[in-house]
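# compute the structure for the input listed below.
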Amino acid sequence: MLTSTVCAALSVAGLGIAALTAFRRRFLAATRIAAFALIPAGLVMTGIIDWITGLVLKPTVWAGFGLLALSVLLFLVSRFAERRSGRRKERRAAAAAQPGAAVAPGASAPSLGAGREPARRPAAEPARQGGGEDDFSDIEAILKKHGI
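Residues are numbered from 1 along each chain as shown. Model (predicted):
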């Protein structure tokens with residue numbers, strides 16, 4: 001009952017402010033204020049306010065929130081303990097070692113955009129050897145291209 005009275009007072013006050021704003025010929029702002037002012041009255045009429053106040057004032061609801069908080073706390077403690085023990089890393093390593101594990105696809109070539117021409121390699125760059133060399137010539141070429 002008290003919440004209905006408070007919401008009705010809020011709506012009347014908001015509509016009064018909207019009327020004063022409209023009197024000053026600021027009709028767009030007055031329309032927005034009136035829209036916000038009608039929200040509390042609509043919430044009371046639909047029964048949402050009674051549901052919320054009943055929800056907040058029931059001890060069983062607070063006990064439920066306490067149980068949810070306890071479950072989240074237990075979950076976080078178990079994750080923290082798992083990280084400290086290192087079992088998570090062991091499980092990841094075991095999953096990666098399994099045959100048929102999912103493999104990420106290779107990176108696709110970057111798109112160049114509509115008006116750009118593909119970058120040309122300088123003629124002075126030597127051809128790569130077919131061996132398994134692990135040099136960083138392609139990275140050096142990218143850095144030189146960007147002037148780094």
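
# residue 64 versus the spatially most central residue of the chain, what's the distance?
Nearest residue to the geometric centre of the chain (C-alpha atoms, centre = their mean): residue 72, 19.7 Å. From residue 72 across to residue 64, the span is 13 Å (C-beta to C-beta, to the nearest Å). C-beta here means a position set from N, CA and C on the backbone, and glycine is covered the same way.

# go on, residue 30?
43 Å.

# between these two, which one's more packed in?
For residue 30 and residue 64, the more surrounded residue by other C-beta atoms under 10 Å is residue 30, and the numbers stand at 19 against 11.

# run the chain-centre distance for the helix ranked longest in the chain.
For the chain, the helix reaching the highest residue count under DSSP state H is reported as helix 59-85. Chain-centre distance of helix 59-85: 22 Å, with C-alpha atoms, centre = their mean, to the nearest Å.

# any low-confidence regions in the chain?
By pLDDT under 70, the low-scoring segments of the chain are 87-89, 99-134.

# which residue ranges of it form helices?
Using DSSP H, helices in the chain cover 2-23, 27-46, 48-56, 59-85, 87-97, 137-145.

# got the angle for the second one vs helix 2-23?
Between helix 27-46 and helix 2-23, the angle formed by their directions is 160 degrees, by axes from the mean of the first three to the mean of the last three C-alpha atoms, to 10 degrees.
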